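Peer 1: fold the following for me, if possible:
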Amino acid sequence: MKVLLVLNATSITGALKSILKTAADLQHEHHFLLAIPQQSSIGDYLSAQNFNYIRLPFVEISRNHQRNLLYLPALLRNAYRLAKIVEQNNIQIVHSNDLFNLVPLVAKLFNRNFKAVVHIRRMPDSFPLRLYKVWVNLLLRYADAIIPVSRANARIFNASPKVQVVYNRYPEAEKHPPYQVKSLGEKTAKNPSSIQLLYLANFTPGKGQNHAIAAMKLLLEQQSNLTIQLTFIGGDLGLAKNQQLKKNLAEQVGNEGLEKYIQFKEKVSDVEAAMKQYDIVLNLSDSESFSRVSMEALFYGLPLIATDVGGTREMFDDGISGRLVPRADVQAMCAAILELVEDEQLRKQFSEAAYTRIRKEFDKEATSFKIGRLYKRLQW
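Peer 2: Purely as a prediction, here's the structure:
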């Protein structure tokens with residue numbers, strides 16, 4: 001079967017890695033061609049993984065009203081071009097990696113000889129709700145299959161028969177030695193602080209880095225002698241608003257006098273190696289459907305503290321394989337960090353339980369192969 005994956009990624013993201021992992025798992029029985037934005041920087045990344053791709057000048061709805069005047073003409077042009085690509089390459093499935101790209105649905109105006117599959121990777125609260133509902137209604141009417149990545153972001157579809165929840169799958173395998181929980185007082189030249197906290201996320205609005213800074217300030221006010229370090233690792237996706245956000249966060253750290261305790265590092269290519277240098281992973285986002293960073297932390301056995309938003313609670317059991325905290329609740333975040341700092345046995349419990357559960361419930365059979373079976377059903 002020939003599948004065209006429509007991607008909106010302009011740089012490497014968790015959503016991109018997830019869909020590519022699915023495609024890699026299914027390459028033994030399906031042929032994949034990828035469509036990416038004209039300005040995307042992921043071409044070399046795709047080529048390195050032996051994926052063929054084409055570029056299309058996708059235009060997204062934005063806060064820039066002048067730019068939005070170009071949206072409808074661009075949508076129609078891209079839909080026509082996509083329909084011709086489908087025809088020329090004998091494509092049977094067009095699979096869009098998120099709901100906001102309407103090009104595959106509109107392409108059905110020009111070519112009905114394909115099935116449209118749409119992944120749902122965003123929660124309704126990540127967009128203006130009216131706009132999100134418009135997209136949902138269009139999908140319910142014109143998509144052939146809808147794949148939310150969690151039960152949380154499937155709810156808005158009201159149990160439509162077109163909907164099938166499929167979780168993202170865990171990484172392929174560990175390339176580095178297994179993670180080991182270290183004792184509180186164990187210090188090394190590379191890790192001079194007793195506890196190393198990691199916040200691995202791109203600098204985009206709503207990712208929660210501001211909550212982590214506030215929680216660190218509160219924690220150090222309560223435990224002034226605590227030796228602890230928080231490291232932010234992530235990119236800005238080349239966007240001015242994200243660059244400004246990172247600058248604002250750095251200024252927040254300076255204004256709070258936390259430079260000694262909080263540092264910023266650039267995005268890394270080897271996530272596993274980076275994660276395994278730390279003791280606790282934080283993911284305090286305001287909105288998540290199914291966080292890849294949380295999945296990776298759990299897979300590698302890192303103790304995880306995450307906000308109880310979207311599908312996060314579907315990934316692990318609170319108090320058994322990780323700790324959930326309420327969204328934007330800095331007091332709860334501070335308490336959770338202190339709890340894990342002080343309790344080595346709990347860190348070990350979280351590490352071992354998460355390592356086991358992820359491998360049991362999120363393997364390729366329950367994830368990628370489930371999508372493969374969906375493709376086949378659409379062709380029957």
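Peer 1: sec struct for the residue of the chain most remote from its centre, please.
Peer 2: No residue in the chain sits farther from the centre than Asn225, which is 35.2 Å out by C-alpha atoms, centre = their mean. Under DSSP: H, G, I helix; E, B strand; the rest coil, the three-state class of Asn225 is coil.
Peer 1: and Lys133, how many neighbours?
Peer 2: Lys133: 13 surrounding residues under other C-beta atoms under 10 Å. From N, CA and C alone the C-beta is placed, and that goes for glycine too.
Peer 1: who are the neighbours in contact with it?
Peer 2: Contact analysis of Lys133 by C-beta atoms under 8 Å, 6 or more residues apart in numbering lists 124, 156.
Peer 1: pLDDT value on it, please?
Peer 2: Reported pLDDT at Lys133 in the predicted model: 91.
Peer 1: tell me which element it is part of?
Peer 2: Applying DSSP states H and E as the criterion places Lys133 in helix 129-142.
Peer 1: quick check: buried residues in that helix?
Peer 2: 132, 135-136, 139 (16 or more other C-beta atoms under 10 Å).
Peer 1: any chance of those in a markdown table, plus distance to Ala107?
Peer 2: Formatted as a markdown table, these follow (distance: C-beta to C-beta, whole Å):
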| residue | distance to Ala107 |
| --- | --- |
| Tyr132 | 22 |
| Trp135 | 16 |
| Val136 | 19 |
| Leu139 | 14 |
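Peer 1: show me which pair in these is furthest apart.
Peer 2: With C-beta to C-beta as the measure, no two of the buried residues of helix 129-142 lie farther apart than Tyr132 and Leu139, at 10.6 Å.
Peer 1: quick check: neighbours shared by these two?
Peer 2: If you check Tyr132 and Leu139 against C-beta under 8 Å, 6+ apart, no residue is contacted by both.
Peer 1: if we can go back for a sec, from the buried residues of helix 129-142, pick the one nearest Glu365.
Peer 2: Nearest to Glu365, judged by C-beta to C-beta, of these is Leu139 at 26.6 Å.
Peer 1: wait, doesn't that closest one sit right on Leu99?
Peer 2: Yes. Using C-beta atoms under 8 Å, Leu139 is in contact with Leu99, at 6.1 Å.
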